[in-house]
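Engineer: quick one: sequence and predicted model below, then my questions.
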Amino acid sequence: MSTAKELYLAAEALKDAGKLDEAAAKYEEAVAVDPTHVLSHMALSVVYQKLGRHASAVEHAEKVCELEPTDPFNFTALSVTYQRAFEGTRDMSYIQKAEEAKYRASTIGG
């Protein structure tokens, strides 16, 4: 059985080759092996955003913040993910969530 890191690296190669659907599947395998593999969740957020799967992108960006709640970068990335989800869906709830994540990023590490 492959490790989450091995699956992540395989997914990165697929992503770099422009095979986003295949990359997403491989990242999903990585988080199935290790649900705490932050890099795979981050990558899934990016790939799903590119594929127009905004709810899935948000889900994985939120998971990153849950796993590493003291890293301001994660909340900045979450804010951007919410903004892009709004752009793709016009769901106004994403705007408020983006502002909250941006604020959270600014308050971490003071």
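Structural biologist: That came through, no problem.

Engineer: in stretch 85-103, what counts as buried?
Structural biologist: 85-86, 94, 97-98, 101-102 (16 or more other C-beta atoms under 10 Å). All C-beta atoms are positioned from the backbone trio N, CA, C, and that covers glycine.

Engineer: so which of these is the closest to F75?
Structural biologist: The closest of the buried residues of stretch 85-103 to F75 turns out to be A101 (C-beta to C-beta; 4.8 Å).

Engineer: residues contacting the closest one?
Structural biologist: A101 sits next to 65, 75-76, 78-79, 82 when contact means C-beta atoms under 8 Å, 6 or more residues apart in numbering.

Engineer: let's have the residues you listed in CSV, adding neighbour count.
Structural biologist: Listed next are these as CSV, based on neighbours: other C-beta atoms under 10 Å:
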residue, neighbour count
C65, 19
F75, 24
T76, 16
L78, 25
S79, 22
Y82, 26
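
Engineer: of the residues you listed, which belong to helices?
Structural biologist: 65, 75-76, 78-79, 82 (DSSP state H).

Engineer: between those residues, which is nearest V47?
Structural biologist: Proximity of these to V47 was ranked by C-beta to C-beta; the top entry is L78 with 15.7 Å.

Engineer: hmm, the closest one is touching E66, no?
Structural biologist: No. Look at L78 against E66 with C-beta atoms under 8 Å: they stay out of range, at 10.2 Å.

Engineer: next, the residue most central in space within the chain: secondary structure please.
Structural biologist: Nearest residue to the geometric centre of the chain (C-alpha atoms, centre = their mean): S45, 2.6 Å. Secondary structure, DSSP: H, G, I helix; E, B strand; the rest coil: S45 is helix.

Engineer: contacts only, for it.
Structural biologist: 57-58, 60-61, 64, 77, 81.

Engineer: check S79 too.
Structural biologist: S79 neighbours (C-beta under 8 Å, 6+ apart): 98-99, 101-102, 105.

Engineer: kindly report the same for S106.
Structural biologist: P72.

Engineer: now, which of the contacts of A101 sits nearest K50?
Structural biologist: For the contacts of A101, the nearest to K50 is Y82 (15.7 Å; C-beta to C-beta).
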